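K.L.:
Need coordinates for the following:
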Amino acid sequence: MTKQDLVAGAAQAAGVTKKDASAVLEAVLEQVTKALKKGDSVTITGFGTFRVSHRAARTGVNPRNPSEKIKIPAMKLPAFKAGKSLKDAVK
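P.N.:
So this is what the prediction gives:
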């Protein structure tokens with residue numbers, strides 16, 4: 001399913017235009033992104049939680065030259081944990 005499929009389905013279910021549904025979806029995604037940038041988590045009850053995961057710095061191996069070690073920096077990654085309702089629906 002693509003973003004356009006999601007917009008079309010939401011527009012049909014809510015009885016609004018695709019343009020309005022697209023604007024709402026963009027606004028929701030923007031708010032989730034802003035919250036994650038600040039380091040906050042976003043919980044949508046019954047669906048799941050978006051949060052920021054921290055990956056520690058580590059030493060890796062250069063795939064082009066396996067004898068060479070490289071440093072991989074620490075980073076923040078977005079993560080999603082599905083809620084119980086979503087897990088049950090997918091079963």
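K.L.:
hey, let's count contacts and neighbours off CA atoms from now on
P.N.:
Will do.
K.L.:
Work out for me the element Asp5 sits within.
P.N.:
For Asp5, the host element (DSSP states H and E) is helix 3-14.
K.L.:
Now do the helix or strand following that helix and helix 3-14, the angle between them.
P.N.:
For helix 3-14, the succeeding helix or strand toward the C-terminus, using DSSP H and E, is helix 18-38. With axes from the mean of the first three to the mean of the last three CA atoms, to 10 degrees applied, the angle from helix 18-38 to helix 3-14 works out at 120 degrees.
K.L.:
Can you mark which positions in whatever helix or strand comes next after helix 18-38 are buried?
P.N.:
Using DSSP H and E, the helix or strand that follows helix 18-38 in sequence is strand 42-44. With burial defined by 16 or more other CA atoms under 10 Å, the residues of strand 42-44 counted as buried are 42-43.
K.L.:
Parallel or antiparallel, list what pairs with strand 42-44.
P.N.:
Strand 42-44 has the following strand partners under DSSP bridges: strand 48-55 (antiparallel).
K.L.:
Tell me how the protein divides into domains.
P.N.:
1-38, 41-91 (automatic domain parsing).
K.L.:
How far off centre is the last one?
P.N.:
In terms of CA atoms, centre = their mean, to the nearest Å, the centre of domain 41-91 is found 10 Å from the chain centre.
K.L.:
on that earlier part again, determine the set of other helices and strands touching the helix holding Asp5.
P.N.:
Using 3 or more CA pairs under 8 Å, 6 or more residues apart in numbering; DSSP states H and E, the elements in contact with helix 3-14 are helix 18-38.
K.L.:
Excluding chain neighbours, what is closest to Ala74?
P.N.:
Ala57 (4.0 Å; CA to CA, 6 or more residues apart in numbering).
K.L.:
from what I can see that neighbour touches Lys71, true?
P.N.:
Yes - the pair Ala57 / Lys71 is scored as a contact, 7.5 Å apart, by CA atoms under 8 Å.
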